[in-house]
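**Q** output the structure for:
(one chain, ligands or ions: 1)
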Amino acid sequence: MDTIPANKREPAPEAIFDPIMDDSEDVLANPYPVLKKMQQDGAVIWSSRGNQWLVLGYNEANGILRSKNFGKKLLENWKPPNALMRGAMISLRRRQGPSMLIQDPPEHTRLRALVSGAFTPTVIHRLEGHIEEIASDLADKMQRRLLAGHEVDLIAEFAFLLPVIVIAELLGVPTKDRDKFKKWSSDMILSFTGKMKPMRMAKSFMAMANIRLYLKLAIEEKRHNPQNDLISELVKAQASDAESLSNHELLANLVLLLIAGHETTVNLIGNGAYNLLSHPAELAKLRKEPTLLESAIEEILRFDPPVQIVRRLAKEPCELGGRQIRENDVLTVMTAACNRDPRIVQDPDVFKIDREEIKHLTFGAGIHYCLGAELARTEGRIAFKTLLDRFPNLTLVDKAHVYKGPFSLRGFKELYVRA
Ligand code: HEM
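**A** This is a model prediction of the structure:
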C-alpha cells in the first residue's frame, strides 16, 4: 500500500527539521534546541519533506524497536519526495548487499547468529588488556606532542585510531590500511543525507566499490591462509555449511562491521571528551570518583549520542502517540530526542554523570540492538581512563570545534586539545 498523502492524514504537526532531507550546519553543530521544539509538538510528528514520521518520545520509540510490527524493508517502500534520491538510495542499497542491519527475521536471525559469538561480553573482556595497550601507545604519541606545547586533534590522533585499529584486528585486515578505511567510510556515508549531489553520490558509490573489492580480496586470502580472526571464522563456517552464508551476505556483513565498528565509536570518544572537558564540575567528580566512569559513559551516550537516528517500516496499521500510522509508513526514531524525553528523565538537558538511573536508546533496542555495544562501551571506558590518567590538565582549545555529518552519525571532524 502506498503512503497516504499529507492532506489525507490525521492532522499531525509538521517537522521543522528532517534528519534525512535537511542538511543544516547549525543543526549539526547543535541539534538539541530543534529536537526539543519538535518534541513539544508531540511524541510522533510528520515530515512532509521526508515523507516519514519522526518519533521523539522514548516510550513510543522503545515500543517500535521491540515490536514485530515494524521491520527493515524500508527502501523498497519508502518514497522520498526526491526521485533522484530514491533511485540513488535503491542503487546504493543493492551495492551494499544484504547485511543483517537491513534484514528482518529469519534472514536477520541467521546472519546475526553467525557473528554474534565474536562480540559477547566474555570475548570482549579477553580483549581488554590489548585494547589498553593500543590506547596507551596512542597516548604516548599524543603526550610527546602535547609536552612540546602543540595543540593536538584528539579525533585524528586518538578517537579515530583506537576503534579502527581494534576492528581491523578483530576482522583480520591490516591496521596500516586504516587511512583507506577512513576515506572509504567517510565517502560512503556521504550518501546518508538528503543532499544528493552527483559528486557526492559518485564518491559514495566509488567508496563502496573500493571497500567491497578490498574485503573480497581479504576473504580470498583467508580461504587459502586462515588466521585467528573473524573473517577466517566466517569463511570456515561457510565452507562447512554453504547454506549458512552466501558470498554476497558475507561481504555485506563485513562491510557493515568495518564501518559500524569505527565510525560510531569515534563519535563516542569525541563527544564524550568534549562533554567532560566542557563540564568541569562533572569532570572533577569523575577524577575524584573513578568508579563513576561506567555511569559517565552511559550519560555521554544518552546526552550526546554518536548515532542520531534509527529507522523502521510499519508492517501493519497502528496507532502511535495519538497518530494513525498506515501500513508501509516509514518511522525515523530521533534517538537524542527520545533520550531527553522529559517524561522519562529529570532535567534532561543537564549533563550529569552520577544519575541514579540512565535510560537511553543510543544502541537501539529489540532484535537489532547494537551487536558491538559491549565492544564500544569497553573501548570508551579504556579511552576515557587513559586520557584522564595520562593528561591531568587536558583542556579544550578555545576555538569553534568542527562537526561532520551526516546528521545520522553526528560527531566531531576535529577536536583540538592541549595539556
Ligand atoms: C558508541 C558506538 C555505537 C553506537 C552508538 C551504535 C549504535 C547502533 C544502533 C543504534 C544500532 C541499531 C540499528 C537499528 O536498530 O536499526 C546498531 C546496530 C549494529 N551495530 Fe552498533 N553502534 C556502536 C558501535 C558498534 C561497534 C563497535 C560495532 C562493531 C562491530 C557495531 C556493530 C553493529 C552491528 C553489526 C549492528 C547491526 C545489528 C543487527 O542488525 O542485528 N556497532 N548499532
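
**Q** not counting sequence-adjacent ones, nearest residue to Lys399?
**A** Tyr416 (6.6 Å; C-beta to C-beta, 6 or more residues apart in numbering). Heads up, the C-betas are built off the backbone N, CA and C, glycines and all.

**Q** which stretches of this structure have low pLDDT?
**A** Filtered on pLDDT under 70, the chain yields the residue ranges 1-10, 75-76, 193-196.

**Q** so who does the nearest residue to His368 once chain neighbours are set aside touch?
**A** Leaving aside its chain neighbours, His368 sits nearest to Leu101 (6.8 Å; criterion: C-beta to C-beta, 6+ apart). Residues in contact with Leu101, defined by C-beta atoms under 8 Å, 6 or more residues apart in numbering, are Lys72, Leu256, Ala260, His368.

**Q** what about Asn30, neighbour count?
**A** Asn30 has 10 neighbours, counted by other C-beta atoms under 10 Å.

**Q** apologies, that question was intended for Lys73.
**A** 14.

**Q** any idea how far it is from the ligand?
**A** 12 Å (C-beta to the nearest ligand atom, to the nearest Å).

**Q** what do you get for Thr265?
**A** 5 Å.

**Q** ok so, going back, farthest-separated two in the contacts of Leu101?
**A** Lys72 and Ala260 (14.9 Å; C-beta to C-beta).

**Q** let me see the contact set for the residue in the chain that the ligand sits nearest to.
**A** The chain approaches the ligand most closely through Gly372 (2.0 Å), counting by C-beta to the nearest ligand atom. Counting by C-beta under 8 Å, 6+ apart, Gly372 makes contact with Phe119, Leu257, Ala260, Gly261, Thr264, Thr265.

**Q** give me that answer again for 7 Å
**A** Phe119, Ala260, Gly261 (C-beta atoms under 7 Å, 6 or more residues apart in numbering).

**Q** leaving out chain neighbours, which residue sits closest to the second one?
**A** Of all residues beyond its chain neighbours, the one nearest Ala260 is Gly372 (6.3 Å), with distances taken as C-beta to C-beta, 6+ apart.

**Q** likewise the first one?
**A** Nearest residue to Phe119 in three dimensions, chain neighbours excluded: Leu371, at 5.2 Å (C-beta to C-beta, 6+ apart).

**Q** is stretch 322-330 up against the ligand anywhere?
**A** No - using C-beta under 6 Å from any ligand atom, stretch 322-330 stays clear of the ligand, with a minimum separation of 12.5 Å.

**Q** got the CA coordinates for that stretch in PDB?
**A** Written as PDB, here are the backbone C-alpha positions of stretch 322-330 (Å, rounded to 0.1, in the frame of the first residue of the first chain):
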ATOM      1  CA  GLY A 322      -2.000   9.600  19.000                       C
ATOM      2  CA  ARG A 323      -1.300   9.300  15.300                       C
ATOM      3  CA  GLN A 324      -2.700   6.900  12.800                       C
ATOM      4  CA  ILE A 325       0.300   5.000  11.300                       C
ATOM      5  CA  ARG A 326      -0.500   3.200   8.000                       C
ATOM      6  CA  GLU A 327       1.000   0.000   6.600                       C
ATOM      7  CA  ASN A 328       4.300   0.900   4.800                       C
ATOM      8  CA  ASP A 329       4.800   4.200   6.600                       C
ATOM      9  CA  VAL A 330       8.400   5.000   7.500                       C
END
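
**Q** next, the buried residues of that stretch.
**A** Arg323, Ile325, Arg326, Asn328, Asp329, Val330 (16 or more other C-beta atoms under 10 Å).
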